[in-house]
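Student: give me a model of this one.
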Amino acid sequence: VQLQASGGGLVQAGGSLRLSCAASGSIVSIDGMGWYRQAPGKQRELVADITYGFTLTYADSVKGRFTISRDNAKNTVYLQMNSLKPEDTGVYYCKMTVLRWVGGLRSYDYWGQGTQVTVSS
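Tutor: A predicted model of the protein is given here:
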């Protein structure tokens, strides 16, 4: 299973970006899908998460500005980021909990390669 993230870039404060992350490979279904970010010198933190049943979780710092969504048919998760701030700068990683048939139905966590988001003031 591979996760391919895209959509990062350089944007001015107040601007918008949309991240995408698509999973490919031997997949039965995908439970949780999420976005994390890591700023320079800081630990990786949860930005937003969406379960298979569309339960949403957001970091307090992005509530009202970011929207996570998913397309189960495409095994893809999106992150719409509006009203971006310089403190949103970092490498954004997608993570998925994938159900695979490996001698039985098993759950595995996979990470994407990361995409850089830079917000200038």
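Student: only C-alpha atoms for contact and neighbour calcs from this point on.
Tutor: OK.
Student: just the element for the residue nearest in space to the middle of the chain, please.
Tutor: Centre of the chain computed as the mean C-alpha position; nearest residue by Cα atoms, centre = their mean is Trp35, 2.6 Å away. Using DSSP states H and E, Trp35 maps to strand 29-38.
Student: partners of the helix or strand that that strand is followed by, with directions?
Tutor: Per DSSP H and E, strand 29-38 leads on to strand 45-50 as the next helix or strand towards the C-terminus. Using DSSP bridges, strand 45-50 pairs in its sheet with strand 29-38 (antiparallel), strand 56-58 (antiparallel).
Student: so how far is the shortest one from its chain's centroid?
Tutor: For strand 56-58, the distance from its own C-alpha centre to the chain's C-alpha centre is 11 Å (Cα atoms, centre = their mean, to the nearest Å).
Student: ok, residues contacting that strand?
Tutor: Applying Cα atoms under 8 Å, 6 or more residues apart in numbering, the contact partners of strand 56-58 are Leu46, Val47, Ala48, Asp49, Ile50, Ile68.
Student: show me which of the residues you listed is closest to Ser61.
Tutor: Taking Cα to Cα as the measure, Ser61 lies nearest Val47 of these, at 8.3 Å.
Student: what is the neighbour count of the closest one?
Tutor: Other residues within reach of Val47, judged by other Cα atoms under 10 Å, total 25.
Student: how about it, what does it touch?
Tutor: Contacts for Val47 (Cα under 8 Å, 6+ apart) come out as Gly34, Trp35, Tyr36, Arg37, Tyr58, Ala59, Val62.
Student: then Gly14?
Tutor: Asn82, Ser83, Leu84, Lys85.
Student: list the buried residues for the strand holding Trp35?
Tutor: Ser29, Ile30, Asp31, Gly32, Met33, Gly34, Trp35, Tyr36, Arg37, Gln38 (16 or more other Cα atoms under 10 Å).
Student: residues contacting the third one?
Tutor: So that's Asp31. Thr51, Tyr52, Met96, Thr97, Val98, Leu99.
Student: okay, and the fourth one sits in which element?
Tutor: Counting by DSSP H and E, the secondary-structure element that holds Thr97 is strand 90-101.
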